[in-house]
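Asks: Return atomic coordinates for the entry below.
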Amino acid sequence: MVNTSTNKVPPALKQALQEFLQRRRSDRPVSIADMMQRTRYALPDLALTDDELERAIAEEIVDRHGNIAFDRHDTSHLRPSKN
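Replies: You can find the predicted model right below:
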């Protein structure tokens, strides 16, 4: 698989995704919506669009032969406010 988003994915995000996926003990699908919400909470200043973030998460899961639940809807309301 050609990874087109690697250049935009911050190393901290890539490392966090890799560690999360390595610790999983289940073959249950990883929820894209849940992972996006957790990522936006942990890294509120992440300079990726939702589409870019979804792709980065999906690529990490696929690279580790994981199952994905593509359950994302409009998640813009999940972003922390910039107040």
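Asks: Mind pulling the model confidence for M36?
Replies: Looking at M36, its pLDDT reads 91.
Asks: which residues sit against the strand or helix carrying it?
Replies: In this structure, M36 sits in helix 32-42 according to DSSP states H and E. Applying Cβ atoms under 8 Å, 6 or more residues apart in numbering, the external contacts of helix 32-42 come out as 13, 16-17, 20, 46, 50, 53-54, 57-58, 68-73, 75, 78-80. Where you see a C-beta, it was placed from the backbone N, CA and C, and this is true even at glycine.
Asks: Which of those residues are buried? Put it as a PyMOL command.
Replies: A single PyMOL command selects the buried members of the contacts of helix 32-42 (16 or more other Cβ atoms under 10 Å):
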select buried, resi 13+16+17+20+46+50+53+54+57+58+72
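Asks: Which residue comes closest to L21 once chain neighbours are left out?
Replies: R64 (4.9 Å; Cβ to Cβ, 6 or more residues apart in numbering).
Asks: dump the residue contacts of that neighbour.
Replies: So R64 contacts Q18, L21, Q22 (Cβ under 8 Å, 6+ apart).
Asks: I'd like the distance between it and T49.
Replies: As defined by Cβ to Cβ, to the nearest Å, R64 lies at a distance of 23 Å from T49.
Asks: Then I57?
Replies: 13 Å.
Asks: how about the nearest residue to the most centrally placed residue in the chain, chain neighbours excluded?
Replies: In the chain, the residue lying closest to the centroid (Cα atoms, centre = their mean) is I57, at 3.3 Å. Among residues not flanking I57 along the chain, M35 sits closest, at 4.9 Å (Cβ to Cβ, 6+ apart).
Asks: How many residues are close by that neighbour?
Replies: By other Cβ atoms under 10 Å, 23 other residues sit near M35.
Asks: and if you look at S26?
Replies: With other Cβ under 10 Å as criterion, S26 counts 8.
Asks: any idea how far it is from F20?
Replies: 12 Å.
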